[in-house]
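Visitor: model the structure of this input:
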Amino acid sequence: MGSGIARRAGGAAGAAALVSALASVLAGCTITIGGGGSPAPAAKPTAAPSWRIVPPSHPPREIGPKGLAGLDVGMTLDQAAATGEFTRPATKPSLCNSATGLNGITVGFSPKYGVTKLTAENVHTPEGITAGSTFAEVVRAYPTPSEPDSPYLDDLLMFGDIWAAVPGRPDAEYVFMFGRQGLTRATAGQAKVMYILLKLRAERNC
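Guide: Below you'll find the model as predicted:
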C-alpha cells in the first residue's frame, strides 16, 4: 500500500510537470474546449484614430453690382487695401496678377486698371445664381450677353463659360464658368455653374 501511495504521488508530480510544460508550449495559443469547433479569432489590434483638418468655410457672400465684401472692380490697389480685404503688393505690378487672401477672395489686378476681377467660393448674385445653378437658370436671370454677337450657347459649348451683362453696372460683367464634361446641345440646359467672376469690362485679360 505504501508503494501504491508512492506511485500515485510520483504520478501526480509527473502530471504536474507535464501540465507545466504544456502551459509553456501553448502560451498565447487559442484553445477550443469541446469537439470540432473553429478556434476563436484572435483579437484585432485597436487602430489609432485618424484626424483630418477641415478648413473653415466662408459664409455666403453676394457678388454683384457693388462688388464683393467691400472690394470692387475698378478700385485702385490703395483703395482695395483700405478695405482690409486685400493685401497690396509691395511694388506696383508690371503685369496682370492675382492674389487670394485669408478671406478666400481672389483679386485680379493690373498696373493700369487696379482691381479687374473678383471671385470666391460660396458666393451668389443678387438674382440668386450660385455654384450649382444650371445654364438654363443663368440665362433666365441674365438674358443679355455682355457682347450681343456672342451667343450664350455657342460660348458654353466652345469655351465652357458665358459673359453676361451686370444689371445696373455697365462697366462690369459676370463670367459664369461651367463644367463641360459630356456637354452637348441637348444637355446644355443642365450644365452646372462652377465659379462666378465679376470682371471689369475695360480689362478682360486680367
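
Visitor: and the strands in this structure?
Guide: With DSSP state E, the ranges of strands along the chain come out as 61-64, 67-68, 97-100, 106-110, 114-119, 123-124, 161-166, 169-178, 193-200.

Visitor: looking at those, which is nearest to residue 187?
Guide: strand 169-178 (11.3 Å; CB to CB). Heads up, the C-betas are built off the backbone N, CA and C, glycines and all.

Visitor: that closest one to strand 161-166, inter-axis angle?
Guide: Here strand 169-178 runs at an angle of 150 degrees relative to strand 161-166 (axes from the mean of the first three to the mean of the last three CA atoms, to 10 degrees).

Visitor: what about the residue nearest to residue 194 when sequence neighbours are not counted, neighbour count?
Guide: Once flanking residues are discounted, residue 194 sits nearest to residue 177: 5.1 Å by CB to CB, 6 or more residues apart in numbering. For residue 177, the count of nearby residues is 16 (other CB atoms under 10 Å).

Visitor: closest one to residue 133 among the strands of the chain?
Guide: strand 193-200 (4.7 Å).

Visitor: return the list of helices and strands in contact with the closest one.
Guide: If you count contacts as 3 or more CB pairs under 8 Å, 6 or more residues apart in numbering; DSSP states H and E, strand 193-200 packs onto strand 61-64, strand 114-119, strand 169-178.

Visitor: for those strands, which one ends up most surrounded?
Guide: Compared across the helices and strands packed on strand 193-200, strand 114-119 shows the largest average neighbour count, a mean of 23 (mean count of other CB atoms under 10 Å).

Visitor: pairing partners for that strand, with directions?
Guide: strand 106-110 (antiparallel), strand 193-200 (antiparallel) (DSSP bridges).

Visitor: what's the most buried one of these?
Guide: strand 106-110 (a mean of 22).

Visitor: mind checking the pLDDT average for it?
Guide: Here strand 106-110 scores 95 as its mean pLDDT.

Visitor: which outside residues touch that strand?
Guide: Defining contact as CB atoms under 8 Å, 6 or more residues apart in numbering, one finds that strand 106-110 is touched by 71, 77, 80, 86, 93, 95-101, 115-120, 203, 206.

Visitor: with distance to residue 131 and mean pLDDT added, can I get the helices and strands packed on strand 193-200 in TSV?
Guide: Formatted as TSV, the helices and strands packed on strand 193-200 follow (distance: least, CB to CB, whole Å; pLDDT from 0 to 100):
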stretch	distance to residue 131	mean pLDDT
strand 61-64	11	97
strand 114-119	11	96
strand 169-178	10	97
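
Visitor: now do the helices in the chain.
Guide: Using DSSP state H, the helices found in the chain span residues 2-25, 77-82, 135-141, 152-159.

Visitor: related to what we said a few turns ago, which of the contacts of strand 106-110 are buried? Put it as a PyMOL command.
Guide: Buried subset of those, written as a PyMOL selection, criterion 16 or more other CB atoms under 10 Å:
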select buried, resi 71+77+80+86+93+96+115+116+117+118+119+120+203+206
